[in-house]
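Participant: Starting from these lines, generate the structure:
(one chain, ligands or ions: 3)
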Amino acid sequence: MEDKIRVLLTEEQVDQKIQELGEAISRDYAGKEVHLICVLKGGAMFTCELAKRITVPVTMDFMSVSSYGSGTESSGVVRIVKDLDEPLKDKHVLIVEDIIDSGRTLAYLIEILKQRGPSDIRLCTLLDKPERRVKKQVKVDYAGFCIPDEFVVGYGLDYNQKYRNLPYIGVVEL
Ligand SMILES: O=P(O)(O)OC[C@H]1O[C@H](OP(=O)(O)OP(=O)(O)O)[C@H](O)[C@@H]1O
Ligand code: HPA
Ligand SMILES: [Mg+2]
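Facilitator: Numbering: from 1, shown residues only. Ligands and ions are numbered 1, 2, ... in the order given. As a prediction, the model looks like this:
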């Protein structure tokens, strides 16, 4: 059966925001090389679109962690499914996520990546759900949109692995 999806952010709104984020990052990292860390799978589409709009030199690496089962609640247990290929020593690391919800995924990731000796670590997310935050210490450097406490899909975000390919952000009417 098809789920009913209500549009929360249109493709045009998302594109415009990614352009703005790319410009802000390019300004802030002027004269440096930025090492983007894409957090798979959710961060894949956003990372690629963002990378296209950054004008300073970019390198990219990919990591896969999982904190959600098949439902809409974080399990609280974060697992590394695929680690990075490259070391982070002396790099300007920018972690790119689709969403920060409870903050558990990012709190865990930042802790382990800090130990690998990067020059600095910042965080960029397309969506932020501040009302849901459990890990209050997670500081977001670049956030596209703050959204209300609703389960969203599209632009990399899934519900039971579906809808990652939608070019907009929608809410599944459960
Ligand atoms: O702030 P949190 O409550 O930790 O939730 C955010 C994380 O949860 C989702 O990933 P998920 O673990 O579902 O895996 P996926 O990216 O492969 O969909 C999302 O892509 C974020 O990575
Ligand atoms: O709202 C959401 N949608 C999809 N995946 C998620 N992971 C955390 N929050 C969400
Ligand atoms: Mg994810």
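Participant: which parts of this structure sit against ligand 2?
Facilitator: Taking Cβ under 6 Å from any ligand atom as the measure of proximity, the chain contacts ligand 2 at Tyr68, Ile99, Asp101, Phe151, Val152, Val153, Leu157, Asp158. Quick note: C-beta positions are derived from backbone N, CA and C, even for glycine.
Participant: Highest neighbour count among those?
Facilitator: Asp101 (27 neighbours; other Cβ atoms under 10 Å).
Participant: isn't that one right up against Lys129?
Facilitator: Yes. Here Asp101 reaches Lys129: they are 5.0 Å apart, a contact under Cβ atoms under 8 Å.
Participant: anything in contact with each of those two?
Facilitator: Common neighbours of Asp101 and Lys129, counting by Cβ atoms under 8 Å, 6 or more residues apart in numbering, are absent.
Participant: which non-adjacent residue is nearest the residue of the chain found nearest ligand 1?
Facilitator: Taking Cβ to the nearest ligand atom, ligand 1 has its nearest neighbour within the chain at Gly42, 2.6 Å off. Nearest residue to Gly42 in three dimensions, chain neighbours excluded: Asp98, at 3.8 Å (Cβ to Cβ, 6 or more residues apart in numbering).
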